[in-house]
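Enquirer: Would you be able to build a 3D model of this:
(4 chains)
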There are 4 protein chains.
Amino acid sequence: MFFASDNAGPAHPRVMAALVAANQGYAMGYGADPIMDQVRAQLRAMFEAPDAAIYLVINGTSANSLLLATMAQPWQTIFCSDCAHIHEDECNAPEFYTQAKLTLVPATHGKITPDALHAKILAEENRGVHGPQRGPLSITQVTEKGTIYTLDDIRALTRVAREYGLKTHLDGARFANALTALDCAPADMTWRAGIDTVSFGGTKNGAMGVEACIIFDPDLAWEFELRRKRGGHLLSKHRYLSAQMQAYLADDLWLDMARAANARCAQLAKGMRDHKTAQFLFEPQANIIFFQMPRHDHKRMLDGGAVYYVMNGDPDAGDPDEMLTGRLVTDWSMTKDSIDQFLDLLHG
Amino acid sequence: MFFASDNAGPAHPRVMAALVAANQGYAMGYGADPIMDQVRAQLRAMFEAPDAAIYLVINGTSANSLLLATMAQPWQTIFCSDCAHIHEDECNAPEFYTQAKLTLVPATHGKITPDALHAKILAEENRGVHGPQRGPLSITQVTEKGTIYTLDDIRALTRVAREYGLKTHLDGARFANALTALDCAPADMTWRAGIDTVSFGGTKNGAMGVEACIIFDPDLAWEFELRRKRGGHLLSKHRYLSAQMQAYLADDLWLDMARAANARCAQLAKGMRDHKTAQFLFEPQANIIFFQMPRHDHKRMLDGGAVYYVMNGDPDAGDPDEMLTGRLVTDWSMTKDSIDQFLDLLHG
Amino acid sequence: MFFASDNAGPAHPRVMAALVAANQGYAMGYGADPIMDQVRAQLRAMFEAPDAAIYLVINGTSANSLLLATMAQPWQTIFCSDCAHIHEDECNAPEFYTQAKLTLVPATHGKITPDALHAKILAEENRGVHGPQRGPLSITQVTEKGTIYTLDDIRALTRVAREYGLKTHLDGARFANALTALDCAPADMTWRAGIDTVSFGGTKNGAMGVEACIIFDPDLAWEFELRRKRGGHLLSKHRYLSAQMQAYLADDLWLDMARAANARCAQLAKGMRDHKTAQFLFEPQANIIFFQMPRHDHKRMLDGGAVYYVMNGDPDAGDPDEMLTGRLVTDWSMTKDSIDQFLDLLHG
Amino acid sequence: MFFASDNAGPAHPRVMAALVAANQGYAMGYGADPIMDQVRAQLRAMFEAPDAAIYLVINGTSANSLLLATMAQPWQTIFCSDCAHIHEDECNAPEFYTQAKLTLVPATHGKITPDALHAKILAEENRGVHGPQRGPLSITQVTEKGTIYTLDDIRALTRVAREYGLKTHLDGARFANALTALDCAPADMTWRAGIDTVSFGGTKNGAMGVEACIIFDPDLAWEFELRRKRGGHLLSKHRYLSAQMQAYLADDLWLDMARAANARCAQLAKGMRDHKTAQFLFEPQANIIFFQMPRHDHKRMLDGGAVYYVMNGDPDAGDPDEMLTGRLVTDWSMTKDSIDQFLDLLHG
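Expert: Residues are numbered from 1 along each chain as shown, chains lettered A, B, ... in the order given. Alright, predicted model coming up:
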């Protein structure tokens, strides 16, 4: 009953097998390994973007920071939601890499609306050299709240950004969970909807630790490479990143794992829906549930062996009837039984 | 006959097996996994440093940059050799992380002498707020030229540094190769010789990609943790770093691999010693050989299938008798036969 | 009728005379001039802070940025109001110097309330190494909206900050205007109220271009000096900063100028109070007025020769009855007649 | 007898008069003052560069750092002499602003030779993404050693730089002293010789504190403006920078002052030439003399009231016959008598 995070689960055995298989003899380092050639070709084909620059890094923080640094200038401000991972959970890494600042757009259920974005863009206007200059937009899909931008949502946001000459980055730490939920092509959710760069996550969805950075404008490629090296994010034994990504993509493993995670989440949501005190903050759409429940119920769950984060208070101390927010995250490795076990405990 | 670099070889099968073994069920992320507890205890015991702060990162560039950033201030200069990896091969990563500058001390056979260090320290004096302030010393062991500082060498250098209140960092990308060559304890080569922080390398010696950052003064621990996160170098699925390091240390695997690499190098050196044209630039001491040979001989070797770097000229174009420098690096995975094959080609 | 900014007016003739007087013969540079010794002693006496470190720089942006950089770490967030000059008008200079980020506390009439501060401090809690760490508080006195924190207000804010171990910076670009309005001692408005560092403004109040940086904890002095030099803000011919500050402080010139500016503002406010359409956004307290008025009235004023900023719309285009906000700033050099002239035009 | 530095002398009375004259009524800030329009036009005409972007800052460190930051990328290295002011005397300001590193080219008598530059450029080659990338060249004219690059020298250096696609910055803190010594046009010594940007010094040559940043490629203008603001180097009361520069240029005051400084230096050099122990390190060419003399002679001069720096030892302690290097700098305000007084003391 481990629902704390999708980065706490194991990697898929096929990913591990690929690592072992790649561990034969000598291989050129730093991205010049032959497996990377295949990965590059495969991602380009998959994204219908034959010219895209493709790079692998170890985690989402470095993917986001390096992509944004390649897109933003130090005197700009990056527009993102007020619950964005790049704002809340990366200890100033985006600021370190970009030297820019972040402008927080108030999010509704984790999502930025075009109007809210527009208002913040306008608020940064008219101060000439004095104010920060408008920089790129960064959105997260699946959002940090477990909601999903529709293709129309994304198009509407990038349209606002483009009106002001701004590029858009997609933090796709849970790209696969969104894609399978929307049932669309990678290109639909990215460049065809106006996205310029993508952090294409693997780590939260069954890889050991790998994310692809996808840059649709190849003119930015060399700068990205230099920034990656300067950040200490270019691996000498790069083949072990390549092998993970290769296995992750092969035979749609990545989509199967995301579907499994989403299905477990749906199973969980269905089972919680008729609970007497638990209430969803908003409708779960991928593999994350935010819900409210009295403290004493949270305490009972945690004491009973469920593992998840209670976001806004100590489950052990305080008014037992106070409503606290819990977050449940499912991953590919979760069994139907473990969900049932959780639900039994909840309803018991 | 692959002698290009020790980071091009495979990881040891026991390292890979440890990864697979660690891939079971859920584990807390970000360094809170139980394997890391064991690694921490083991390295502290091994270094006879019960209070040392111990962290794992993916590669040497991040280890060096993060440790130096924790030791140096942005208005300081870091003393290092003029062939230091942090100067030549990290694309300004140390400058990015520290915001400091580097003062290059002329190296003799890759090694800084106390006199040369002293002269550079003195040269940074007497300008008050105007000049860069003196910052830490960083030395590399095994040096980038394949030579080794004796314990006396290290003690003499750190003594000079301490006279001026400066701390010392050891870039130990090839720590194991040096340690086995010197046949001493880790503490002897580090804190007992005046070293304050160590990049303890695994990647070049049979790991997949892991280095330990060892900080003997635990007061710096929290700052290091924040800098690591801010640099994007804290892994969510940290257990896969821990597992590598655990297997690397277990049953002295790391020392066995270093001994094997050094033995292959000695075998190689012995076989080259009586060659008619090849000359060592300096006596090989660990697992790296720098040697001079006429261009036509290099060309013959490379055409014959040997893989290594020719440092100062195109082996294919130019005066066939011009002497060019080659670099040969051995690793744990190399067979005696592959060395013999190279020597046969050389002498043939 | 120039009400655009208090940094557009002339310097006081006594400041200019001091510059000319200082321009005799040779003087040691970089702050070692004898006039600086007097300035330092005078500010220490005035602030009843015999150990305070005192430095001069050319403007408020550098004063704020350098002080905050000396107080904050790159992995922290600095708490400030959402209309703070350091956020809105310094083109990321604070981020450049501190490498930290800013957390915007919603302001009421330009002022942060203890509750709003507390809420934002709490919101940065509980994410360990993942979130930005809590850094110093920065407040502006007079605020960017022309309002003033009472001594109780300041004490209440610094008390909240101190509860969490946070230091407080005072952006006193209009320090004198606030001090004369509150009629208190400099120490009352600063260290006795819990302030740790002060940007003590001269430029907006009759100097040519000089601000004092006052650091009550002298342990931070050397770091500040290095940061100032590294930022290019240490003047070789420093005596011309010293001379300005000396004349500014002599015979309470600085207080007289602030009183004059405030008095002109009061005269202006009184004359506007009974206007049929102009309405204050909040009660003016120092030398700045924010007021609303229909577009056609703004247009009439601007066409008639009044110079001031209309903040939220084009005065020349749009619905003539739409209410737009204007900002009026008075300075020491303004005559009563020019105020009357403005009021005549307004009421005419 | 003050020969410590040309930044310790007074500003010219006409500069001060211009400041006072500019101190009338209101003026738009931040470079939008009408005097700046004239300065811009005058410098463009003077440099025969009608499109050049022209900005004023307070000192040489900020001029150099901001110009280099506009020319260099964070992953590059800037080529400069090993005695360059940007390396030795700016406490890492160039590194702070550019985020790049410096490659020190060994200087001969303060000057970089084309061969030495070429060797260092070649040494940075061939490491792909691993090494720092080649960035701009920065040369100092007059050099830090008081020598002067001929027009041929400059052309030869920029030719080498351009071969590798590198731009060149001229640190002209003593631009006027060099120009009058060479007796050429500003364009000859800059863009016609291949220079891309110039720090055009005023402070060391009779201004109070102003340098012009001249950028021949106007495409870099907006970035420079943003960097200047972000560095805290945009003055609100900008007219006082403009007024200084206007007076400095008017009626060739700047050239007259430089000629006077150089003439005093020539007088000094002539008088020292036949001294029994004092020896020039190299022939003085502008307003700086480096000379060797036994310690006891230095001590006698300093005790007698001469003020100058002894560079490499304590004049008061040590072997009285040891040769120590002294530096003498003349400025516009020095009288013939003061030189004679110094020479009398020397020969007495």
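Enquirer: In contact with the closest residue to chain B within the stretch 101-250 of chain A, which residues?
Expert: Closest contact between the stretch 101-250 of chain A and chain B, by Cβ to the nearest Cβ, is at A:Gly232 (3.5 Å). To be clear about C-beta, it is placed using only N, CA and C from the backbone, and glycine gets the same treatment. Residues counted as contacts of A:Gly232 (Cβ atoms under 8 Å, 6 or more residues apart in numbering or on different chains) are B:Val57, B:Asn59, B:Thr61, B:Ser62, B:Ser65, B:Leu66, B:Glu90, B:Ala93, B:Tyr97, B:Gly231, B:His233.
Enquirer: Those: which ones sit near chain A?
Expert: Near chain A, judged by Cβ under 8 Å from any Cβ of the partner chain, the entries from these are B:Val57, B:Asn59, B:Thr61, B:Ser62, B:Ser65, B:Leu66, B:Glu90, B:Ala93, B:Tyr97, B:Gly231, B:His233.
Enquirer: got those as TSV, with secondary structure columns?
Expert: Converted to TSV, the ones next to chain A among the contacts of A:Gly232 look like this (DSSP: H, G, I helix; E, B strand; the rest coil):
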residue	secondary structure
B:Val57	strand
B:Asn59	coil
B:Thr61	helix
B:Ser62	helix
B:Ser65	helix
B:Leu66	helix
B:Glu90	coil
B:Ala93	helix
B:Tyr97	helix
B:Gly231	coil
B:His233	coil
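Enquirer: between these, which is closest to D:Glu225?
Expert: Nearest to D:Glu225 among the ones next to chain A among the contacts of A:Gly232: B:Tyr97, at 29.0 Å, using Cβ to Cβ.
Enquirer: Just the local confidence number for the closest one, please.
Expert: Model confidence at B:Tyr97, given as pLDDT, is 98.
Enquirer: Walking through the stretch 51-200 of chain A, point out its helices one by one.
Expert: A:60-71, A:85-88, A:93-98, A:114-123, A:151-163, A:175-182, A:186-189 (DSSP state H, counting those that start in this stretch).
Enquirer: A:Thr325 belongs to a helix?
Expert: No - counting by three-state DSSP, A:Thr325 is not found in a helix; it is strand.
Enquirer: The residue lying closest to it once chain neighbours are set aside and C:Val105, how far apart?
Expert: Once flanking residues are discounted, A:Thr325 sits nearest to A:Met311: 4.5 Å by Cβ to Cβ, 6 or more residues apart in numbering or on different chains. Relative to C:Val105, A:Met311 is positioned 21 Å away (Cβ to Cβ, to the nearest Å).
Enquirer: helix/strand/coil for the residue of the stretch 101-250 of chain A closest to chain B?
Expert: Reduced to three states with three-state DSSP, the structure at A:Gly232 is coil.
Enquirer: so which helix or strand takes in A:Asp314?
Expert: For A:Asp314, there is no enclosing helix or strand under DSSP states H and E.
Enquirer: Give me the pLDDT for the residue lying closest to the residue of the stretch 101-250 of chain A closest to chain B once chain neighbours are set aside.
Expert: Leaving aside its sequence neighbours, A:Gly232 sits nearest to B:Ser62 (Cβ to Cβ, 6+ apart; 3.5 Å). According to the prediction, B:Ser62 has pLDDT 98.
Enquirer: So B:Ser62 is in contact with B:His233, correct?
Expert: Yes - using Cβ atoms under 8 Å, B:Ser62 makes contact with B:His233 at a distance of 4.8 Å.
Enquirer: Tell me which of A:Met311 and C:Val105 has more neighbours.
Expert: Taking neighbours as other Cβ atoms under 10 Å in any protein chain shown, A:Met311 and C:Val105 compare with C:Val105 leading, 23 against 13.
Enquirer: from what I can see the more buried one touches C:Pro114, true?
Expert: No - using Cβ under 8 Å, C:Val105 makes no contact with C:Pro114, being 10.2 Å away.
Enquirer: Contact partners for A:Val142?
Expert: By Cβ under 8 Å, 6+ apart, the residues touching A:Val142 are A:Ile148, A:Ala173, A:Arg174, A:Asn177, A:Ala178, A:Ala181, A:Gln285, A:Ala286, A:Asn287, A:Ile288.
Enquirer: how many neighbours does the third one have?
Expert: Just to be clear, that refers to A:Arg174. Neighbours of A:Arg174 under the rule other Cβ under 10 Å: 28.
Enquirer: which ones are touching the residue nearest to A:Gly232?
Expert: Here B:Ser62 is in contact with A:Gly232, A:His233, B:Ala93, B:Glu211, B:Arg228, B:Gly231, B:His233 (Cβ under 8 Å, 6+ apart).
Enquirer: any idea which helix or strand carries the fifth one?
Expert: Here B:Arg228 is covered by helix B:221-230, with elements defined by DSSP H and E.
Enquirer: hmm, that helix touching chain C?
Expert: Yes - using Cβ under 8 Å from any Cβ, we find that helix B:221-230 touches chain C at B:Glu223, B:Glu225, B:Leu226, B:Arg227, B:Arg228, B:Lys229, B:Arg230.
Enquirer: Please spell out which residues along that helix are buried.
Expert: By 16 or more other Cβ atoms under 10 Å in any protein chain shown, the buried positions in helix B:221-230 come out as B:Ala221, B:Glu223, B:Phe224, B:Glu225, B:Leu226, B:Arg227, B:Arg228, B:Lys229, B:Arg230.
Enquirer: and which of these is nearest to C:Ala243?
Expert: Relative to C:Ala243, the closest of the buried residues of helix B:221-230 is B:Glu223; by Cβ to Cβ it sits at 41.6 Å.
Enquirer: Tell me how far the closest one lies from C:Arg44.
Expert: Separation of B:Glu223 from C:Arg44 (Cβ to Cβ): 33 Å.
Enquirer: Kindly report the same for A:Gln267.
Expert: Separation of A:Gln267 from C:Arg44 (Cβ to Cβ) stands at 70 Å.
Enquirer: got the contact list for the residue in the stretch 201-348 of chain A that chain C sits nearest to?
Expert: Per Cβ to the nearest Cβ, A:Met311 is where the stretch 201-348 of chain A lies closest to chain C, at 8.8 Å. Going by Cβ under 8 Å, 6+ apart, A:Met311 touches A:Phe290, A:Leu324, A:Thr325, A:Gly326, A:Arg327.
Enquirer: after the longest helix along chain A, next one along is what?
Expert: When chain A is parsed with DSSP state H, its longest helix is helix A:253-272. Counting by DSSP H and E, the next helix or strand C-terminal to helix A:253-272 is strand A:279-280.
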